[in-house]
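Enquirer: the sequence and its predicted three-dimensional model are supplied below.
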Amino acid sequence: MNTAPLILWFRRDLRVTDLPMLTEALATGRPLLPVFILDPETEAMGAAALWRLGLGVESFDATLQALGSRLILRRGEALQVLAQLIAETKAEGVFWSRCYDPATRPRDQALKAALKARGLMAQSFPGFLLHEPWEVQTLQGGYFKVYTPFWNSASKRPIPPSLPAPQTLPQPQAWPASDRLQDWDLGARMRRGAAVMRPHQRVGEAAALSRLAEFTDHRIGAYGEARDMMALDGTSGLSENLTYGEISPRMMWHAGFRAREEGKPGAGQFLKEIVWREFAWALLHHTPHIAQTSWKPEWDDFPWGGESPKAEAWRRGMTGEPVIDAAMRQLYVTGKMHNRARMLVGSYLTKHLMTHWRVGMDWFADTLTDWDPAANAMGWQWVAGSGPDAAPYFRVFNPATQAEKFDPMQAYRRRWLAEMSRDPLAHSYFDAVPKSWGLDPARPYPRPIVSLSAGREAALAAYAQRKA
């Protein structure tokens, strides 16, 4: 038996259940050395996402320790850190689960080549998606640019069963030194917001599996309608866990598929939402410019503005449009935002305020704890009109009528607007925001910074001029 260890480089796959990398590593019979690296690409994450990642790393280390192992923490350039660990431990290879975003793909490709050039094993594995981004193809061999045909193709592809969790993990003969997680201070940029946001996170693999079971047992049947009602807990809430790999999309798919076979009506829509995430990652893989520039090049000259006092009012939840402000405050308190609300605040910023979608995309990247680079980029471009929206018109959501439809009793707005209620959640927003903002719940609610009708007309006029 070979006693030279294998390094398992964990990134956004903080679990032991249904992890192909781990299953293949165990099959080698070698001792395993789990490692997490705080490299520059990871440190560049937004404040809330980096803080939430730290919580996930802490929870994952506890999971590994229950299996007789542990997580080694190191900071620095990935190749340099791995080379140092190989020298220290005499490891003969590195396994990792693939990432697909533009920031990490070139790094991983260079790292694999460098390790193989030294005669070491260097293998990457799937596990972040149901299908690899290049696998779902059109009949002509290209990639899908519209969601519905993508769904029709992806939903017919076979999905292997989930892999079981191991009962124990083989240890190396000696453990290398590890950084201390608290010394990294991953929540430094959160300041006082971390304490407010912490109760709204459900961290780790055990929490994710419990969440999935609770959802499929009790709430998936009503998912088709309840997911749009802003005051209801109508979704799975698993976007947070899926982002950090605390649960696999394959486990979610199989649970949703079983629910559909059992006749639960909302299960089909749940499966479509899982594949919507797949579509986002496929687009980011094939057209990586979607993360920075208009997916449709003809939108490059659309007259969106940049930073402005109105954009700052939007960020602070002080636009005077109740459903928009409620959503932006929910984001700052919980690190998440209702899906319907995400569309509304995106449309309001890019249409009524005529502000570039990158302003909103960057704010979400800094404040979402379920931040997903592919879904964030595609979602913002979809709602702005420059992305993969197949509708043949310029979509402008009216936040007032949308609120009447999806928050008819104003429960969502009262929950998050302290000026309109005594709900502790609404007041916690003012405990989380920077003191420099000077916000006070005792002040009157602000007047609208833009008329909804005037904002809509200005947006449609700009669209008409662009077409002309």
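Expert: All right, it came through fine. Just so it is clear, the structure is predicted and the values come from calculations on it, not from any experiment. Numbers count the residues shown, from 1 in each chain.
Enquirer: domain boundaries for this structure, per the record?
Expert: The record assigns the chain these domain ranges, following automatic domain parsing: 1-127, 129-159+198-286, 297-467.
Enquirer: to residue 175, which of these lies closest?
Expert: Of all the domains of the chain, domain 1-127 sits nearest to residue 175, with 6.8 Å by Cβ to Cβ. For the C-beta atoms, the positions are set from N, CA and C on the backbone; glycine is no exception.
Enquirer: quick one: average confidence on that closest one?
Expert: The pLDDT scores in domain 1-127 average 96.
Enquirer: repeat for stretch 444-453
Expert: pLDDT averaged over stretch 444-453 gives 96.
Enquirer: export it as PDB, just CAs?
Expert: This file holds the C-alpha atoms of stretch 444-453, laid out as PDB (Å, rounded to 0.1, in the frame of the first residue of the first chain):
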ATOM      1  CA  PRO A 444     -40.000  60.000   7.600                       C
ATOM      2  CA  TYR A 445     -40.000  57.600   4.800                       C
ATOM      3  CA  PRO A 446     -38.400  59.300   1.700                       C
ATOM      4  CA  ARG A 447     -40.400  60.600  -1.200                       C
ATOM      5  CA  PRO A 448     -39.900  58.700  -4.600                       C
ATOM      6  CA  ILE A 449     -36.700  59.700  -6.300                       C
ATOM      7  CA  VAL A 450     -38.300  59.100  -9.700                       C
ATOM      8  CA  SER A 451     -41.900  58.900 -10.900                       C
ATOM      9  CA  LEU A 452     -42.600  55.300 -12.100                       C
ATOM     10  CA  SER A 453     -44.400  56.600 -15.200                       C
END
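Enquirer: ok, residues contacting that stretch?
Expert: 310, 313, 318-322, 352-353, 398-400, 417, 419-420 (Cβ atoms under 8 Å, 6 or more residues apart in numbering).
Enquirer: list the buried residues for it?
Expert: Within stretch 444-453, the residues scored as buried using 16 or more other Cβ atoms under 10 Å are 449-450, 452.
Enquirer: show me the contacts for residue 26.
Expert: Taking Cβ under 8 Å, 6+ apart as the criterion, residue 26 is in contact with 32, 166, 169-170.
Enquirer: what does residue 367 give?
Expert: By Cβ under 8 Å, 6+ apart, residue 367 lies in contact with 46-48, 331-332, 335.
Enquirer: can you give the strand pairings for the strand of greatest length in the chain, parallel or anti for each?
Expert: Ranked by number of residues, the top strand in the chain under DSSP state E is strand 32-38. Strand pairing for strand 32-38, using DSSP bridges, gives strand 6-10 (parallel), strand 72-75 (parallel).
Enquirer: which is the next helix or strand following the longest one?
Expert: Scanning the chain past strand 6-10 towards its C-terminal end, the next helix or strand to appear is helix 20-27 (assignment: DSSP states H and E).
Enquirer: narrow the contacts of residue 26 to those in helices?
Expert: Of those, none are assigned to helices by DSSP state H.
Enquirer: thought residue 115 was touching residue 82?
Expert: Yes: counting by Cβ atoms under 8 Å, residue 115 touches residue 82, with 7.4 Å between them.
Enquirer: which residues do these two both contact?
Expert: Common neighbours of residue 115 and residue 82 (Cβ under 8 Å, 6+ apart) are residue 94.
Enquirer: which one of these two has more residues nearby?
Expert: residue 82 (24 against 20; other Cβ atoms under 10 Å).
Enquirer: for the more buried one, give me its contacts.
Expert: Residue 82 touches 7, 9, 35, 37, 94, 111, 115, counting by Cβ under 8 Å, 6+ apart.
Enquirer: ok, back up a step: want to try CSV for the buried residues of stretch 444-453, with secondary structure and distance to residue 348 as columns?
Expert: CSV is the format used below for those (DSSP: H, G, I helix; E, B strand; the rest coil; distance: Cβ to Cβ, whole Å):
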residue, secondary structure, distance to residue 348
449, coil, 10
450, coil, 9
452, helix, 9
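Enquirer: residue 390: which of these is nearest?
Expert: Among those, residue 452 lies closest to residue 390 (Cβ to Cβ), at 25.8 Å.
Enquirer: now that closest one: how far from residue 154?
Expert: For residue 452, the distance to residue 154 equals 38 Å [Cβ to Cβ, to the nearest Å].
Enquirer: do the same with residue 174
Expert: 45 Å.
Enquirer: looking at these two, which is more packed in?
Expert: residue 154 (23 against 10).
Enquirer: my read: the more buried one touches residue 278, true?
Expert: Yes: using Cβ under 8 Å, residue 154 is in contact with residue 278, at 5.9 Å.
Enquirer: so which of the domains of the chain gets nearest residue 178?
Expert: domain 1-127 (4.5 Å).
Enquirer: how far does that closest one sit from its chain's centre?
Expert: Taking Cα atoms, centre = their mean, to the nearest Å, the mean C-alpha location of domain 1-127 is offset from the chain mean by 20 Å.
Enquirer: can you get me the start-to-end distance on stretch 25-44?
Expert: End-to-end span of stretch 25-44 (Cα to Cα, to the nearest Å): 29 Å.
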